[in-house]
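*Asks:* When you get a sec, could you give me coordinates for this:
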Amino acid sequence: MDQGRDRDEHSKLVAVVGTSRMAIAGASASMSPGTSGVILPVELLHIIFESVDRSDLYFIALSSRTLNKIVTPALYSNIDLDLPHTIYACVRTLASVPRRTAFNRDLAGFVETISLRDLNDWIELPSALQRKQRSVVGRRLAKAIPRMKRIRSITCRIRSLPHTLQVFTTLASGAFPHIDAIDMNVCFPSHWSPTLTSPIAGIRGLKILRLDSDDFGSFMCSILTGNYNTLKSLVFTDRLHIVWHAWKSIPSFPALEELGVQVQVLSERAFQDTSSVRRFILPCWDIWDDVAMPSNVLPNLEDVTCYPVQLRAFLLTSASHKRPISTVTLNHLRYERCHRGGCFGMEDRFTPYDFHHNIGPTVQALRFSSAPLRRLSFCVQKLSVSALSDLLPLTDLEYLLIALDMAPGEDDTDDIFALAPLLDRMPRMHTLLLSDVTKKMMNECFAFAHDEAYQRRALAAYDEHSSFLRRVAFTTEFEWEKRQDGWHPWGHVVAEREILSDGEDDESIE
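*Replies:* Model (predicted):
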């Protein structure tokens, strides 16, 4: 290496990384007596960059050509995006042929894991990506996938994204030796017919398969029969009549830990032994309360996602062996810091749950679990500390997520300060999240959603009753993290940026 060039590269590195201890240690180790500068070999730079925060890598990549070459593979090896404008820009870059990229590199070839999620897109709510933009994103992703020879995992959760069927069948063809996880919302084109010949599913060693898809039966069956020995997570959020043939030909799923299917499927031959399953998810569209759960299935179940009226079916009242359920997610509730606030499901969207009549009795049924409750998520009409206090002792509860239809402090509801004394009964609670997802669905929010001073006063009240809390949120606009020097707000939701088109989606694209 040229010594003058190395000194220049190191100066740029220090300016970007700043106080990185590894950078300082690396620089010190490479200092030699009698020299006025520092020489850092490329191999050492690789080691230093492994310890640098990912956010810093973007700035390092822009600082020089040498550093860009070192950092770029790391940046593109793990892609995790949930904002529409970043998804659009990234997929455009990945689809670019090498001659059109900086230094003529095939950036798609660096990808090992890729996650593209539109957090604001669930159920009936529209995606922030317009129809033509989705078409461009889907086509470009399908173009880039064949070059991702290192890919191990893909998550693509953008509703109605064209060309995802092509992406899915390509990944499952067997041409990608490292892929072991597929989590996708598969969109079938309008001109597609079930009578079309299915491609060959040559994929083997698949560990995770989570799909929103209700067609392509023979292809799906071939994936299941070829990977039943290795699957650890199997989730179908749509109806499963298309793969019933596979259930009859598969002896068992010996490695399965997470399962998301209709309860009726558990009577099939493939699920005669479900002792390895720790998490079970009922499909969100399955709202019926007449769930018949055989006592001999899912004996070691720890985590269940369902509706309140369905939970009791998982809790054995008379069997000698009770399921060790310690995590309960009601209404498929998920907390997300985004404009829509995550997602949830309701049997009747216009009839919010009453705690005393719906949630309380449901959670009290957990006395029939052989394990203490540690994580609980549910939707309720309003915040009522007295109602929460009526629950069974929650001394082992560590995580509590509550989605509220009415803002705390409105009308006859309790405010967020009233939760403080409740923490005395929850000595292990480290995460307390209040969600306004049901309000955001109506384009509303809590009055204090952006009032950090008000929320900080509530946190001070919490500290008087709990020293264990580390993560708190009063809204899905941002949350609080407790560090050594106190509470810090982070993750504020910002206004969506305009998607910068390159002109392709301005055309008429179907």
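*Asks:* domains of this protein?
*Replies:* In terms of domains, the chain is parsed into 3-74, 329-510 (source: automatic domain parsing).
*Asks:* Dump those to TSV, plus mean neighbour count.
*Replies:* The C-beta positions use only the backbone N, C-alpha and C, and glycine is treated the same way. Compiled in TSV, the domains of the chain are given as follows (neighbours: other Cβ atoms under 10 Å):
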stretch	mean neighbour count
domain 3-74	15
domain 329-510	17
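*Asks:* If I average pLDDT within each of these, which one is lowest?
*Replies:* Across the domains of the chain, domain 3-74 has the smallest mean pLDDT, namely a mean of 62.
*Asks:* Over to stretch 229-244 now: how far is its first residue from its last?
*Replies:* Terminal residues of stretch 229-244 are spaced 18 Å apart (Cα to Cα, to the nearest Å).
*Asks:* Would you quantify the distance from the residue minimising distance to the centre of the chain to residue 334?
*Replies:* For the chain, the residue nearest the mean C-alpha position is residue 117 (8.2 Å; Cα atoms, centre = their mean). Separation of residue 117 from residue 334 (Cβ to Cβ, to the nearest Å): 11 Å.
*Asks:* so residue 488 sits in a strand?
*Replies:* Yes - under DSSP: H, G, I helix; E, B strand; the rest coil, residue 488 falls within a strand.
*Asks:* Spatially, and excluding backbone neighbours, which residue is closest to it.
*Replies:* residue 481 (5.4 Å; Cβ to Cβ, 6 or more residues apart in numbering).
*Asks:* Now do that neighbour against residue 93, distance only.
*Replies:* Here the distance between residue 481 and residue 93 works out to 32 Å (Cβ to Cβ).
*Asks:* Would you mind confirming that residue 205 is in contact with residue 229?
*Replies:* No - at 9.1 Å, residue 205 does not count as touching residue 229 under the criterion of Cβ atoms under 8 Å.
*Asks:* Counting by contacts, list what the helix or strand hosting residue 433 packs against.
*Replies:* Using DSSP states H and E, the element containing residue 433 is strand 431-435. Applying 3 or more Cβ pairs under 8 Å, 6 or more residues apart in numbering; DSSP states H and E, we find strand 431-435 packed against strand 399-404, strand 471-473.
*Asks:* re earlier: just put the domains of the chain in a markdown table and tack on distance to residue 156.
*Replies:* Formatted as a markdown table, the domains of the chain follow (distance: least, Cβ to Cβ, whole Å):
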| stretch | distance to residue 156 |
| --- | --- |
| domain 3-74 | 21 |
| domain 329-510 | 17 |
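*Asks:* Do you have the strands of the stretch 151-300 of the chain handy? List them.
*Replies:* Under the criterion DSSP state E, counting those that start in this stretch, strands of the stretch 151-300 of the chain are mapped to 153-157, 181-185, 208-212, 233-236, 258-260, 279-281.
*Asks:* Please export the C-alpha coordinates of the fourth one as PDB.
*Replies:* It refers to strand 233-236. Written as PDB, here are the backbone C-alpha positions of strand 233-236 (Å, rounded to 0.1, in the frame of the first residue of the first chain):
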ATOM      1  CA  SER A 233     -41.700 -22.100  11.200                       C
ATOM      2  CA  LEU A 234     -44.700 -22.800   9.000                       C
ATOM      3  CA  VAL A 235     -47.400 -20.100   8.800                       C
ATOM      4  CA  PHE A 236     -50.200 -19.900   6.200                       C
END
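*Asks:* packing partners for it?
*Replies:* Counting by 3+ Cβ pairs under 8 Å, 6+ apart, strand 233-236 packs on strand 208-212, strand 258-260.
*Asks:* correct me, but residue 166 touches residue 141?
*Replies:* No - with contact defined as Cβ under 8 Å, residue 166 does not reach residue 141; the gap is 9.0 Å.
*Asks:* and the two? which has more neighbours close in?
*Replies:* Neighbours were counted for residue 166 and for residue 141 using other Cβ atoms under 10 Å; residue 141 has more, 28 against 18.
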